[in-house]
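S.K.: Below is the structure, and that's it, no one-letter string:
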Ligand SMILES: [Zn+2]
């Protein structure tokens, strides 16, 4: 977190030197933790006018000879907006909560399963560029995977998990809650209600506004964002003070640890039990 959200990375705008450093950091993390490239390299390259963007994609193969052909996609966007409105001489928008926190969650899940090898289905760890330019990176990757015939089961996008909600609320919430039985299924395996319904997520159409949406569109499968940012618990959204020292690391660790059995249960269920429903 301290590196991804440091001033050295200059707010990780897509096409910048700062985001290039972030991409190299993620690639090195994948290498070190035995997360393999899914394509020839870790990078999925796309062009936006003059700008070249990179999604970073790693894979953990499933341990079941049949179920390993099915993929669960986990991800978050590692880009941010570069600069924000200057405050006290600081104009670097560090993007710690948005979305270094979700990027780190996805990386940690990758590290966990690459080490434990307890997943029957295969996992893609996907970090997107150009979310802040209109979900361009995830749209490129979702289309490429679909064109390649990937047998995708479901997708989760981790978006802003760096600060806790108040204690009377579920730890996290899911966008598009009623569009599938994902949340109750996840909670069943987690053994508690980690992920709940948040009315504002529906009111603000969050389902359509982050990197899960292109995967839903391409694959017509359950694809949601999970977040612990609820518009009341963090005042630095797209602000130059969205910095590493504002993150709650006990909360992040607790969230990631609670998610692991939930995700693992879904990875290992004999059938694709999470399905779309009419909202
Ligand atoms: Zn974001």
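M.R.: Perfect, thanks for sending it. Note that the structure is predicted; figures quoted are calculated from it, not measured.
S.K.: in what helix or strand does the residue nearest to residue 256 when sequence neighbours are not counted lie?
M.R.: Closest residue in space to residue 256, ignoring its immediate chain neighbours: residue 108 at 5.2 Å, by C-beta to C-beta, 6 or more residues apart in numbering. All C-beta atoms are positioned from the backbone trio N, CA, C, and that covers glycine. Taking DSSP states H and E as the criterion, residue 108 maps to helix 102-116.
S.K.: Give me the sheet partners of the strand ranked longest in the chain and which way each runs.
M.R.: Identified as the longest strand of the chain according to DSSP state E is strand 51-60. The pairing partners recorded for strand 51-60 under DSSP bridges are strand 36-37 (antiparallel), strand 43-48 (antiparallel), strand 122-128 (antiparallel).
S.K.: for the stretch 51-200 of the chain, what spans make up the strands?
M.R.: Counting by DSSP state E, counting those that start in this stretch, one finds strands in the stretch 51-200 of the chain at the ranges 51-60, 71-77, 83-87, 90-92, 122-128, 152-158, 172-174, 195-196.
S.K.: what lines up beside the fourth one in the sheet?
M.R.: Next to strand 90-92 in the sheet, as set by DSSP bridges, lie strand 83-87 (antiparallel).
S.K.: ok so, going back, nearest to the ion, out of the strands of the stretch 51-200 of the chain?
M.R.: With C-beta to the ion as the criterion, the ion lies closest to strand 71-77 of the strands of the stretch 51-200 of the chain, at 5.6 Å.
S.K.: got the residues of the stretch 1-150 of the chain near the ion?
M.R.: Within the stretch 1-150 of the chain, the positions near the ion by C-beta under 5 Å from the ion are 98-99.
S.K.: List the residue ranges of the stretch 1-150 of the chain that fall below the pLDDT cut-off.
M.R.: The stretch 1-150 of the chain contains no residues with pLDDT under 70.
S.K.: Correct me if wrong: residue 83 contacts residue 90.
M.R.: No - using C-beta atoms under 8 Å, residue 83 is not in contact with residue 90, being 9.8 Å away.
S.K.: Mind listing the shared neighbours of the two?
M.R.: Both residue 83 and residue 90 are in contact with residue 240, where contact means C-beta atoms under 8 Å, 6 or more residues apart in numbering.
S.K.: coming back round to it: got the contact list for the longest strand of the chain?
M.R.: Taking C-beta under 8 Å, 6+ apart as the rule, strand 51-60 contacts 14-15, 19, 23, 26-27, 30, 35-39, 42-47, 78-79, 110, 113-114, 117, 119, 122-130, 136-138, 140-141.
S.K.: residues contacting the residue nearest to residue 130 when sequence neighbours are not counted?
M.R.: The shortest distance from residue 130 to any non-neighbouring residue, by C-beta to C-beta, 6+ apart, is to residue 136 (3.7 Å). Neighbouring residues of residue 136 by C-beta under 8 Å, 6+ apart: 14, 46, 48, 53, 129-130.
S.K.: Pull out the buried residues from stretch 57-71.
M.R.: Residues 57-60, 62-64, 67-68, 70-71 are the ones in stretch 57-71 that count as buried (16 or more other C-beta atoms under 10 Å).
S.K.: I meant to write stretch 158-166 there.
M.R.: Of all the residues in stretch 158-166, those buried under the rule 16+ other C-beta under 10 Å are 158-165.
S.K.: Considering those, which is situated nearest to the ion?
M.R.: residue 159 (5.0 Å).
S.K.: Might one say that the closest one is in contact with residue 209?
M.R.: No - contact between residue 159 and residue 209 fails when scored by C-beta under 8 Å: they sit 9.2 Å apart.
S.K.: ok, residue 156 to residue 193 distance?
M.R.: Distance from residue 156 to residue 193, counting by C-beta to C-beta, to the nearest Å: 16 Å.
S.K.: what does residue 111 give?
M.R.: In this view, residue 111 and residue 193 are 26 Å apart by C-beta to C-beta.
S.K.: Between the two, tell me which one has more neighbours.
M.R.: residue 111 (19 against 15; other C-beta atoms under 10 Å).
S.K.: Give the full set of residues in contact with the closest residue in space to the more buried one that isn't next to it in sequence.
M.R.: Leaving aside its chain neighbours, residue 111 sits nearest to residue 33 (4.4 Å; criterion: C-beta to C-beta, 6+ apart). Counting by C-beta under 8 Å, 6+ apart, residue 33 touches 110-111, 114-115.
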